[in-house]
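Q: Would you be able to build a 3D model of this:
(2 chains)
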Protein chains: 2
Amino acid sequence: MLNEEMVGLGKVRSEIREIFEYGNKRKQEIGAENVFDFSIGNPSVPAPVSVNEAIRDIVDNTDSVMLHGYTSAQGDFSVRKTIAENINSKFNTEVNADSIYMTVGAAASLTITLKAIMNPGEECIVFTPFFPEYGVFIKSSGANLKVVKGLDKTFQIDIDAFEKAISEKTKAVIINSPNNPSGVVYTEETIIKLCDIMRTKEKEFGHEIYLISDEPYRELVYDDTFVPYLINYYDNTFVCYSYSKALSLPGERIGYIVVSNKMKNERDAYAAVCGAGRVLGYVCAPSLFQRVVARCVNDTADISIYKKNRDVLFNGLTELGFECVYPDGAFYLFVKALEEDAHAFCEKAKEQELLLVPADSFGTPGYVRVSYCVQTETIEKSLAAFKKLAESYK
Amino acid sequence: MLNEEMVGLGKVRSEIREIFEYGNKRKQEIGAENVFDFSIGNPSVPAPVSVNEAIRDIVDNTDSVMLHGYTSAQGDFSVRKTIAENINSKFNTEVNADSIYMTVGAAASLTITLKAIMNPGEECIVFTPFFPEYGVFIKSSGANLKVVKGLDKTFQIDIDAFEKAISEKTKAVIINSPNNPSGVVYTEETIIKLCDIMRTKEKEFGHEIYLISDEPYRELVYDDTFVPYLINYYDNTFVCYSYSKALSLPGERIGYIVVSNKMKNERDAYAAVCGAGRVLGYVCAPSLFQRVVARCVNDTADISIYKKNRDVLFNGLTELGFECVYPDGAFYLFVKALEEDAHAFCEKAKEQELLLVPADSFGTPGYVRVSYCVQTETIEKSLAAFKKLAESYK
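A: Residues are numbered from 1 along each chain as shown, chains lettered A, B, ... in the order given. Got it, this is the predicted structure:
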């Protein structure tokens, strides 16, 4: 007699969390240093010192009623202005404070954006591999998920498959670059082709097709890899951002939506975002952390540690003969399992105390995700275990 | 081609906010000291000093990755344990950490609870006067709002009307005591009668009817008024709480849901809350403020200021001949307009620089809400303006 769908969603524990909790148990049994836990995407690098400095300074020097009071639903104006100006200086855009809607993190950015644009029966396209919660969020908006397989090995977007999949029902396309779980950054060439098709299809079908850029990993890129800013490539774009990874603040739940200033009917689109935030129960984003991220708008956690981890892990596993997707960003390595069934492979990895995530739920059976947001030493020590795992398949 | 319902909800500005913004404009024109702004329910008393002390201490003495990292979706275990123990010591209940689900404030508590229990076509009963967003949240859960008029003058629940309104379609009942906008606290006698009827009807209809207690104003009560803790009166109860008013933290968005440990299938109900939180995009409640409220679990902002304000305002307006509902709690005075049309009355009040909120949207035409979360001096000075307003009707 409850809402049975919600009961079901609450009871099905995330596979990733199951592995993570198995890891915690195992660490108690044999010592944390003997477990190689690559299961969870929780930043391992502390927030930059500027974050805690900003917290102290704001708390010490702001009137309490003002500091902890409601901001406007879309967020404090000066915070939004600071963020808009920062985006413009980085990406040569022309967004403004009223293009920005502050949110309680990336998941909120996505649920609000989807609720703002989707209607029942419409479709939202995602590309494999993709974050499994997209399915939950799209369904919750009343719309349907449509999955397009990524290209083999590179996991770039399969443009031909996309062109075949897009239909009159398509209302939105989500891209996530740098990608969780593959670490892949979509090339500018890929983005240009994708946007060209979307524009053509908008004309053909006579309605908007929105591009939703889910980009919490935007700052986690290595070797000067170029990440196209989608507002510069496609007018009907919503950017869903979170400070969880860039500032190592996942628990504080702070992010924003950018409604492109070049969007058709952009004032209506912004109003729909406000309406969706209201309907879902988001009154405003946390007021202290709105001010903190505005202060730290040019800072990031020490990304160089993730780059070092990537190099050690990618080089180490490649040398051992594993087939790995080269990750230009995020903190995940996508590795082909040594047997068809990635679940069975992960079980075998457990025998070597290696905790990996089978990628079936990301839409890519046969692969595993290795989260390298861990201590570098853990990666170095784990290579012997990976070696044994590889040998067990010979 | 957007979701037009969301566009509409985003464009219709809240009437309260319109008045508030008119007030800001007017203050610039004639000076803040000459405008009597009783429009908005934003706490005027600072957070207790323990809040900022807790923030500093936690930031200085907690590892950054731990402090700002994800907590479990339902909230940090030790935070939930502290809150559960505090509830048990205050109300003689037996809830536990796994009865508590931390939320991003009261609106989130409500949207999550409604989504967890309501199915399309079912009804949720509310009593006038009621917070207008209930209608938005109930509709968003797929269910229908059913309004039962409160008793004249006292604005207690009309038990006979409730008994007639409850039907096979009734799945939930929301009560809000201390009440926004009337300031009324429902008596224990009222609560007992309400719960008796609900139990009888549960048996008659053969399904659960849930009681949702929306109680952000619980601590804002005066003269030792008794506020029944509903878990002690009715097993199928969800308590939706927020620290916004008690700790003067409305912008920080922190609260919780209690799923009564005595609820039938309470593990399923808790799972449904977790599922609903997931679907709506709430990953976890803000991690720093989870820890802050656990530290301040026995503190409140200085409520005595609101009591003083209530006395000055209630006595002053009653002496002037206004018909006022005596408020035992919250920070609102509910006043009968001096003409049938409360909107016209509020326009006339504006001529005296008095900013009041017509209560039509609360389901009670002919009344106005006067928010006394302002400086006491503002109230004292406003009485001359109220006098002129009354005289203009003679």
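
Q: what about the stretch 1-150 of chain A, any weak spots by pLDDT?
A: Screening the stretch 1-150 of chain A residue by residue with the criterion pLDDT under 70, one finds no matching range.

Q: Also the stretch 201-350 of chain A?
A: Counting by pLDDT under 70, the stretch 201-350 of chain A contains no low-confidence residues.

Q: can you pull out the helices in it?
A: Remark: helices of the stretch 201-350 of chain A, listed N- to C-terminal, are A:266-279, A:287-295, A:304-319, A:342-350; assignment by DSSP state H, counting those that start in this stretch.

Q: Out of those helices, flag the one nearest residue B:148.
A: Shortest distance between residue B:148 and the helices of the stretch 201-350 of chain A, using Cβ to Cβ, is found for helix A:266-279: 23.7 Å. The C-beta positions use only the backbone N, C-alpha and C, and glycine is treated the same way.

Q: Run through the neighbouring helices and strands of that closest one.
A: For helix A:266-279, the contact count by 3 or more Cβ pairs under 8 Å, 6 or more residues apart in numbering or on different chains; DSSP states H and E identifies strand A:100-103, helix A:106-117, strand A:255-259, helix B:4-11, helix B:133-140 as packing neighbours.

Q: Which one, of the ones you listed, ends up nearest to residue A:139?
A: With distances scored as Cβ to Cβ, the stretch of the helices and strands packed on helix A:266-279 nearest to residue A:139 is helix A:106-117 (9.6 Å).

Q: What pairs with the helix or strand following the closest one, parallel or antiparallel?
A: Per DSSP states H and E, helix A:106-117 leads on to strand A:123-127 as the next helix or strand towards the C-terminus. Using DSSP bridges, the strands paired with strand A:123-127 are strand A:144-148 (parallel), strand A:170-175 (parallel).

Q: ok and strand A:123-127 relative to helix A:106-117, angle-wise?
A: Orientation note: strand A:123-127 sits at an angle of 140 degrees relative to helix A:106-117 (axes from the mean of the first three to the mean of the last three Cα atoms, to 10 degrees).

Q: List the contacts of strand A:123-127.
A: The contact list for strand A:123-127, computed with Cβ atoms under 8 Å, 6 or more residues apart in numbering or on different chains, reads A:114, A:118, A:134, A:138, A:141, A:143-150, A:157-158, A:162, A:165-167, A:169-175, A:212, A:363.

Q: so it versus helix A:133-140, what angle?
A: With the same axes, to 10 degrees defining the directions, strand A:123-127 sits at 180 degrees from helix A:133-140.

Q: Give me the distance between strand A:123-127 and the centre of its chain.
A: Its chain's C-alpha centre lies 15 Å from the corresponding centre of strand A:123-127 when counted by Cα atoms, centre = their mean, to the nearest Å.

Q: which parts of the stretch 201-350 of chain A sit against chain B?
A: The interface of the stretch 201-350 of chain A toward chain B, taken as Cβ under 8 Å from any Cβ of the partner chain, is made up of A:207-208, A:248-253, A:265, A:268-276, A:278-289.

Q: Return the residues in contact with the residue lying closest to residue A:392 once chain neighbours are set aside.
A: With sequence-adjacent residues excluded and distances taken as Cβ to Cβ, 6 or more residues apart in numbering or on different chains, residue A:392 is closest to residue A:348, at 6.5 Å. Residue A:348 makes contact with A:339, A:389, A:392 under the criterion Cβ under 8 Å, 6+ apart.

Q: What is the nearest of these to chain B?
A: For those, the closest approach to chain B (Cβ to the nearest Cβ) belongs to residue A:389, at 27.9 Å.

Q: give me the element that closest one is part of.
A: Element membership of residue A:389 [criterion: DSSP H and E] is helix A:376-391.

Q: now the one residue in the stretch 101-250 of chain A that gets nearest to chain B, nearest residue through space, not along the chain?
A: Using Cβ to the nearest Cβ, the closest approach of the stretch 101-250 of chain A to chain B is made by residue A:111 at 3.3 Å. Taking Cβ to Cβ, 6+ apart as the measure, residue A:111 lies nearest to residue B:281, with 3.3 Å between them; neighbours along the chain are not counted.

Q: Just confirm that neighbour contacts residue A:281, I think it does.
A: No. Between residue B:281 and residue A:281 there is no contact, the gap being 9.7 Å when judged by Cβ atoms under 8 Å.

Q: re earlier: what's the ChimeraX line that selects buried ones from the contacts of strand A:123-127?
A: The ChimeraX selection below is limited to those of those classed as buried (16 or more other Cβ atoms under 10 Å in any protein chain shown):
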select /A:114,118,134,138,141,143,144,145,146,148,149,150,157,158,162,165,166,170,171,172,173,174,175,212,363
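
Q: quick one on the thing from earlier: out of the contacts of residue A:348, grab the one that's most surrounded.
A: Highest neighbour count within the contacts of residue A:348: residue A:389, with 21 neighbours (other Cβ atoms under 10 Å in any protein chain shown).

Q: what separates that residue from residue A:324, distance-wise?
A: Note on residue A:389: its distance to residue A:324, by Cβ to Cβ, to the nearest Å, is 14 Å.

Q: repeat for residue A:134
A: Taking Cβ to Cβ as the criterion, residue A:134 is separated from residue A:324 by 24 Å.

Q: Identify the residues contacting the nearest residue to residue A:365 once chain neighbours are set aside.
A: Counting by Cβ to Cβ, 6+ apart, the nearest residue to residue A:365 once its immediate chain neighbours are dropped is residue A:342, at 6.1 Å. Listed by Cβ under 8 Å, 6+ apart, the contact set of residue A:342 reads A:358-360, A:365-368.

Q: how does it look with 10 Å?
A: Contacts here follow Cβ atoms under 10 Å, 6 or more residues apart in numbering or on different chains; on that basis residue A:342 touches A:335-336, A:349, A:356-360, A:364-369.

Q: Next, the contact list for residue A:245, please.
A: Taking Cβ under 10 Å, 6+ apart, we find residue A:245 in contact with A:41-43, A:45, A:106, A:178, A:180, A:215-220, A:300-301, A:303, A:306, A:330-331, A:373.

Q: again, only using 8 Å
A: Residues counted as contacts of residue A:245 (Cβ under 8 Å, 6+ apart) are A:43, A:216-217, A:219-220, A:330-331.

Q: Spatially, what comes nearest to it if we skip its sequence neighbours?
A: In space, residue A:245 comes closest to residue A:216 once its chain neighbours are excluded; the distance is 5.1 Å by Cβ to Cβ, 6+ apart.

Q: count of neighbours near that neighbour?
A: Other residues near residue A:216 come to 25 when the count uses other Cβ under 10 Å.

Q: I'd guessed it sits against residue A:253; true?
A: No. Residue A:216 sits out of contact with residue A:253 when judged by Cβ under 8 Å, with a separation of 11.9 Å.

Q: Can you turn the buried subset of the residues of the stretch 201-350 of chain A next to chain B into a selection I can paste into ChimeraX?
A: Here the buried members of those are turned into a ChimeraX selection, burial being counted by 16+ other Cβ under 10 Å:
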select /A:208,248,249,250,251,252,253,268,269,270,271,272,273,274,275,276,278,279,280,281,282,283,284,285,286,287,288,289
